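Enquirer: Sequence and predicted structure are below.
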Amino acid sequence: MKHAGLSESEAKVVKLALYDKHRTVLYDIEFLSAGAKYSYEINAVSGEVMAYYRKDRAVSDENNGDRGSDIGSEKAKSIAFSHAKVSESGVYEFELKLTEKKGVRIYKIDFEHGNMEYEYEIDASTGAILRFKAERD
């Protein structure tokens, strides 16, 4: 919960499992909070976060945002790098696509930094992070 910036009272755990992945024992934890679903893989011995993912529940509202506006690819990239707390100079294997999902234009951004792989979906109109995933390479 601390890694997600939440208190225990703000989240509802919906899955808690222990499993072995490549000879490492991990906790698989899923919880819901404030319109988002979080998934974590945590090393059962060290407590280190090995992978995490957050997906916001989509808001369906025809008046939500201006479909004609676009934050631009540079702003979307900046949002992803800032959220991941990485500098552009250390990023490699960078890929950015503008797509549409359920009528919403989305920047899909994938990149690697250090020993981590990141995936982002950012609303092209508002700059909101709709989904992100980070895991060790």
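Expert: Thanks, I have the structure now. Residues are numbered from 1 along each chain as shown.
Enquirer: Tell me which strands the helix or strand of the chain with the lowest mean pLDDT pairs with, and in which orientation.
Expert: Within the chain, confidence by mean pLDDT, DSSP states H and E is lowest for strand 49-56 among all helices and strands, at a mean of 85. Looking at strand 49-56 with DSSP bridges, its partner strands are strand 36-43 (antiparallel), strand 129-136 (antiparallel).
Enquirer: Dump it to PDB, restricted to CA.
Expert: In PDB, the C-alpha atoms belonging to strand 49-56 read as follows (Å, rounded to 0.1, in the frame of the first residue of the first chain):
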ATOM      1  CA  VAL A  49       8.500  -4.700  -5.300                       C
ATOM      2  CA  MET A  50       9.400  -6.800  -8.400                       C
ATOM      3  CA  ALA A  51       6.500  -5.600 -10.600                       C
ATOM      4  CA  TYR A  52       3.500  -3.300 -10.300                       C
ATOM      5  CA  TYR A  53       0.600  -2.200 -12.400                       C
ATOM      6  CA  ARG A  54      -2.300   0.200 -12.100                       C
ATOM      7  CA  LYS A  55      -5.300   0.500 -14.300                       C
ATOM      8  CA  ASP A  56      -7.900   3.200 -13.800                       C
END
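Enquirer: who's in contact with that strand?
Expert: 3-4, 24, 26, 35-43, 128-136 (Cβ atoms under 8 Å, 6 or more residues apart in numbering). Where C-beta positions appear, they are placed from N, C-alpha and C, glycine not excepted.
Enquirer: same thing but at 7 Å, please
Expert: Strand 49-56 has contacts (Cβ atoms under 7 Å, 6 or more residues apart in numbering) with 3, 26, 35-43, 130-136.
Enquirer: So for that strand, what gets flagged as buried?
Expert: In terms of neighbour count (16 or more other Cβ atoms under 10 Å), strand 49-56 has its buried residues at 49-54, 56.
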